[in-house]
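>>> output the structure for:
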Amino acid sequence: MDVVKRLRKWEKFAELPSVLPDRLVWKFESETQGAFKIKFSNSGKYLAASCTLANGKTVIKIYDVEDGFLQIILRGHNDLVYDICWSWDDRYLVTASADGLVRVWNMEDKETENSDRLNYMENDRLFFICELIHPSFVYGARIHPMRDDSYLYLASICFDQNVRIWKVNLDDFENPYFKMVFEMSINDKAEHTLGTKKTSTYEFDEDLEDETLRLIMNPQDTPDNLKNVTNKKQKNRDEETINKGYKNLLEKKHPNALVFD
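Coordinates of the predicted model:
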C-alpha cells in the first residue's frame, strides 16, 4: 500500500516569539517567459504553475512541494493562463486562458508513475478531460465545492462580461459530456452586491467620479455613443468629468463580487 506523505507541521509554545521563514526550501524552474499564475492544491502537497514557452504557448507544471520534484506537465493553452483552480479533493484541475478556453484536467492519477507524465505533447490521454469554448479571453474559472462524483460544476468569467455555469460529466473520460447550463451578464441586476460603496457594485475609489461609475454600468452612454443621444439632460453633462474618469474605465470594469439568484 502506497503511503502518501504529508507536509510537515511546526508548532511553538505561545510564549515563544514568531519568526519569519529564513530558508529557501525549493526553487522550481518555469519557462522562457516565466510563470504567470500559480496555485497550491487544497492539501498543500502540489503546486500548479502556468509557464509560458518562447513560442507563447503555456504549459501547466505540477510540482510536488514535499519532495521538490516536477510531477506532471500538462499541454496547457495557446496563450497566457489567467486562472487555475483545484477541486476540493484535488482530483481535478481547471485552467482559464486568453486563448478563449477553459480546460478541465484529471488529476486522479497524479501519484502514479508514468513514463509520459512529463511528455506534455502526448499525455492528453492521461490527464485531459475536455475544453469549454468562449468567445474571448477567459479571466477566471472556479469549481463548485459540491461533492458529486458524477458531475463537475464550474463557473467562468469572460471578457465579453458574461458569467457562464458549466456541467461536466465525469463518468466517461474517453467520451466526455459537458454543457453550459446558465449564462448571465455582469451588467444584469444582481441579487446582492458586495463592495465598499453601497451605491455601486464596484470598489470605491476616491478618484473615481460617480459619473464614471454610471458609465461602467451603462456602456451605451460612453463618450463615443453620446453623439447620438437626443436627451437634453445627457447632452449637458460635464464632458470634462466624463473624460477624466473614462480613461481608466476598463481598469475599473471588474466587480468585487456579484451574487445572482
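
>>> ok, Arg142 touching Ala155?
Yes: in terms of C-beta atoms under 8 Å, Arg142 counts as a neighbour of Ala155; the distance is 5.2 Å. (Each C-beta comes from the backbone N, C-alpha and C, glycine too.)

>>> the more surrounded of the two?
Ala155 (17 against 14; other C-beta atoms under 10 Å).

>>> flag the shaky bits of the stretch 1-150 of the chain, pLDDT-wise.
1-10 (pLDDT under 70).

>>> show me the strands in it, by range?
35-40, 46-52, 58-64, 69-77, 81-86, 92-97, 101-106, 128-133, 138-143 (DSSP state E, counting those that start in this stretch).

>>> ranking those strands by burial, who's on top?
strand 92-97 (a mean of 25; mean count of other C-beta atoms under 10 Å).

>>> quick one: that strand to strand 81-86, angle?
Here strand 92-97 runs at an angle of 170 degrees relative to strand 81-86 (axes from the mean of the first three to the mean of the last three C-alpha atoms, to 10 degrees).

>>> can I get the CA coordinates of strand 92-97 in PDB?
Extracted C-alpha coordinates of strand 92-97, given in PDB (Å, rounded to 0.1, in the frame of the first residue of the first chain):
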ATOM      1  CA  TYR A  92      -9.500  17.700 -10.900                       C
ATOM      2  CA  LEU A  93      -7.800  20.900 -12.200                       C
ATOM      3  CA  VAL A  94      -9.300  23.700 -14.200                       C
ATOM      4  CA  THR A  95      -7.300  26.300 -16.200                       C
ATOM      5  CA  ALA A  96      -8.700  29.500 -17.900                       C
ATOM      6  CA  SER A  97      -6.700  31.200 -20.700                       C
END
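
>>> listing partners with orientation, what would you give for that strand?
strand 81-86 (antiparallel), strand 101-106 (antiparallel) (DSSP bridges).

>>> redo the ones you listed as CSV? Include distance to Val94.
Formatted as CSV, those follow (distance: least, C-beta to C-beta, whole Å):
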stretch, distance to Val94
strand 81-86, 5
strand 101-106, 6
